[in-house]
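Q: Just to be clear, the model below is a prediction. Sequence and coordinates:
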Amino acid sequence: MKFTRLRLSGFKSFVEPTDLLIEPGLTGIVGPNGCGKSNLLEGLRWAMGENSFKSMRGSGMEDVIFAGTNMRPARNHAEVTIYMDNQDRSAPSAYNDSEHLEVGRRIEKDKGSTYRINGKEVRAKDVQLLFADASTGSHSPALVKQGQITQLINSKPINRRRILEEAAGITGLHTRRHEAELR
Ligand code: ATP
Ligand code: MG
């Protein structure tokens, strides 16, 4: 699977629908302080099922919704969609008849989040598993947050282990085992 496009609407500083095209290879995002570089990465992680508002630099889950400025009123919902190319058929088998995948998350004030994969409403867990299997989950070492290198150096062994397990691609197995044990 490859990311091809990220669309944000009403998410943090991206109030108007904004598309970020992700070309093959390395993508760099440059711009002055406060222009929204970190918000883009947070949008990507949020749509992959990130559920820690602290790691989204907020004090509540609804803080990702555009809060308004002197010039523009606040929004009451935010939406982020990740577009992916699945021509190599590396998505989990449930999705492998699709050449393109579209994963969307939407949050509405007082109503919480809903998730969609290719237009069909799914659970947060389904989205998290889709990415956990591809070892690109919202906590993936492929997404390096500001200050994260320092955090990694200072982190406890158990947290460092989680990062290594995600890199090794076995996080999805752990989640599935846990689900199986609950049944
Ligand atoms: P730096 O170079 O300093 O790391 P950056 O490009 O990473 O900056 P971000 O942290 O992505 O910038 O963006 C910060 C901006 O996003 C701030 O101006 C902040 O007010 C705005 N912002 C964050 N959340 C919201 C929100 N819910 N509604 C409106 N604006 C928001
Ligand atoms: Mg930043």
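A: Thanks, I have the structure now. Ligands and ions are numbered 1, 2, ... in the order given.

Q: Need the per-residue pLDDT for residue 134.
A: Residue 134 is assigned 59 on the pLDDT scale.

Q: If you could redo that for residue 98, that was the one I meant.
A: The model reports residue 98 with a pLDDT of 93.

Q: what helix or strand is the residue nearest in space to the middle of the chain on?
A: Among the residues of the chain, residue 45 comes closest to the average C-alpha position under CA atoms, centre = their mean, at 2.2 Å. With elements taken from DSSP states H and E, the one containing residue 45 is helix 37-47.

Q: in the protein, what residue is nearest ligand 2?
A: Per CB to the ion, residue 38 is where the chain lies closest to ligand 2, at 3.2 Å. C-beta: built from backbone N, CA, C; applies to glycine.

Q: what's the neighbour count on that residue?
A: Residues near residue 38, counting by other CB atoms under 10 Å, number 16.

Q: How about the secondary structure of the closest residue to it other than its chain neighbours?
A: Nearest residue to residue 38 in three dimensions, chain neighbours excluded: residue 146, at 5.9 Å (CB to CB, 6 or more residues apart in numbering). The three-state label given to residue 146 by DSSP: H, G, I helix; E, B strand; the rest coil is coil.

Q: Report pLDDT for residue 146.
A: Per the predicted model, pLDDT is 77 at residue 146.

Q: if we can go back for a sec, please name the residues that touch the residue of the chain closest to ligand 2.
A: 57, 145, 146 (CB atoms under 8 Å, 6 or more residues apart in numbering).

Q: again with residue 59
A: Counting by CB under 8 Å, 6+ apart, residue 59 touches residue 53.

Q: Okay, and it sits in which element?
A: With DSSP H and E as criterion, residue 59 is part of no helix or strand.

Q: Show the pLDDT at it.
A: Per-residue pLDDT puts residue 59 at 90.

Q: And for residue 22?
A: Reported pLDDT for residue 22: 95.

Q: try the one 5 residues further on
A: Reading off the confidence values, residue 27 has pLDDT 86.

Q: so where's this protein uncertain?
A: Within the chain, the set of residues satisfying pLDDT under 70 comprises 133-142, 167.

Q: Return the list of helices and strands in contact with the helix or strand containing residue 173.
A: For residue 173, the host element (DSSP H and E) is helix 171-182. Other elements packing on helix 171-182 under the criterion 3 or more CB pairs under 8 Å, 6 or more residues apart in numbering; DSSP states H and E are helix 124-133, helix 157-168.

Q: same thing but 7 Å
A: helix 124-133 (3 or more CB pairs under 7 Å, 6 or more residues apart in numbering; DSSP states H and E).

Q: Dump the helix it packs on to PDB, restricted to CA.
A: Extracted as PDB, the C-alpha positions of helix 124-133 are listed here (Å, rounded to 0.1, in the frame of the first residue of the first chain):
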ATOM      1  CA  ALA A 124     -11.900   2.200  14.800                       C
ATOM      2  CA  LYS A 125     -10.300  -1.200  15.400                       C
ATOM      3  CA  ASP A 126     -10.800  -2.100  11.700                       C
ATOM      4  CA  VAL A 127      -8.800   1.000  10.600                       C
ATOM      5  CA  GLN A 128      -6.200   0.400  13.300                       C
ATOM      6  CA  LEU A 129      -5.700  -3.200  12.100                       C
ATOM      7  CA  LEU A 130      -5.600  -2.200   8.500                       C
ATOM      8  CA  PHE A 131      -2.500  -0.100   9.300                       C
ATOM      9  CA  ALA A 132      -1.100  -2.300  12.000                       C
ATOM     10  CA  ASP A 133      -0.700  -5.100   9.500                       C
END
